[in-house]
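Q: Predicted structure and sequence below. I'll ask about it afterward.
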Amino acid sequence: MTTSLTPASASAPKKAHWPSGLISAARIAAINLFRRNITIQYPKQRYDQPDRSRWAVEQVFDEAGMHRCTACKICEQSCSDKCIHIDVETREDKTKFIHAWNYERAACMMCGLCVEACPYGAIRMGHDYELAHSASAEKRIDLLREVEAIDPRKKQAADTQEAPDA
Ligand code: SF4
Ligand code: SF4
């Protein structure tokens, strides 16, 4: 019976020479010493959010604190996750009253479809990224509550007046 023996030198892992490893580590440390920091001292420091960053949905208000929502419910229909629930009352004279514009933030995937769908620019994707809340009340929030809805005809007329001359 013949037995083939593998030489010990062929199977054993090569030993690294410690001085070369040390030099390599020192070289990496020296390079990183002069690199710009990519981390910040959160929460003392915060990153400025890019203009197009998308966090939670929020209402748009003008300088006078007036919202722009006409209660058309297009955003509610466009949300595939059913995160928006608008409780609106339509009166006989066709004016509308918003009892609640409810947003289920914990279920929102922040896709921005509702914002794109809103024909009146009444909502936008906010830039506040500190959204962790343990209280369940914070997960469903009323972005508008007990307010008159904007009349879409008045809104359109106001937008036409505001538009710069072509
Ligand atoms: S951002 Fe997307 S998931 Fe969130 S409320 Fe709007 S449509 Fe729904
Ligand atoms: S936020 Fe925009 S799309 Fe949604 S109900 Fe108000 S006006 Fe309509």
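A: Everything's here; your move. Residues are numbered from 1 along each chain as shown. Ligands and ions are numbered 1, 2, ... in the order given.

Q: Every contact and neighbour count from this point should use C-alpha atoms.
A: Will do.

Q: neighbours of the closest residue to Phe97 other than its chain neighbours, just the number please.
A: In space, and not counting its chain neighbours, Phe97 is closest to Glu148: 4.6 Å by CA to CA, 6 or more residues apart in numbering. The number of residues packed near Glu148 is 18, by other CA atoms under 10 Å.

Q: Check the gap between Glu148 and Cys118 for me.
A: Distance, Glu148 to Cys118, using CA to CA, to the nearest Å: 18 Å.

Q: The chain: helices as residue ranges?
A: 8-11, 18-33, 74-78, 113-117, 152-162 (DSSP state H).

Q: how about those helices in CSV, adding mean neighbour count and distance to ligand 1?
A: Shown next, in CSV, are the helices of the chain (neighbours: other CA atoms under 10 Å; distance: least, CA to the nearest ligand atom, whole Å):
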stretch, mean neighbour count, distance to ligand 1
helix 8-11, 8, 57
helix 18-33, 11, 39
helix 74-78, 18, 6
helix 113-117, 18, 4
helix 152-162, 12, 21
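
Q: Tell me the confidence at the residue sitting nearest the centre point of the chain?
A: The residue lying closest to the centre of the chain (CA atoms, centre = their mean) is Trp55, at 1.6 Å. pLDDT, Trp55: 92.

Q: my read: it touches Cys108, true?
A: No. Taking contacts as CA atoms under 8 Å, Trp55 lies outside contact range of Cys108: 9.3 Å.

Q: if we can go back for a sec, for the helices of the chain, give me CSV that also has distance to Gln59 and mean pLDDT.
A: Listed next are those as CSV, based on distance: least, CA to CA, whole Å; pLDDT from 0 to 100:
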stretch, distance to Gln59, mean pLDDT
helix 8-11, 68, 54
helix 18-33, 44, 89
helix 74-78, 12, 97
helix 113-117, 10, 97
helix 152-162, 16, 72
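
Q: Could I get the ones you listed in JSON lines, plus columns for distance to Arg91?
A: Formatted as JSON lines, the helices of the chain follow (distance: least, CA to CA, whole Å):
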{"stretch": "helix 8-11", "distance to Arg91": "86"}
{"stretch": "helix 18-33", "distance to Arg91": "67"}
{"stretch": "helix 74-78", "distance to Arg91": "19"}
{"stretch": "helix 113-117", "distance to Arg91": "25"}
{"stretch": "helix 152-162", "distance to Arg91": "15"}
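
Q: Below-threshold pLDDT in the protein: ranges please.
A: Filtered on pLDDT under 70, the chain yields the residue ranges 1-17, 133-138, 155, 157-158, 161-166.
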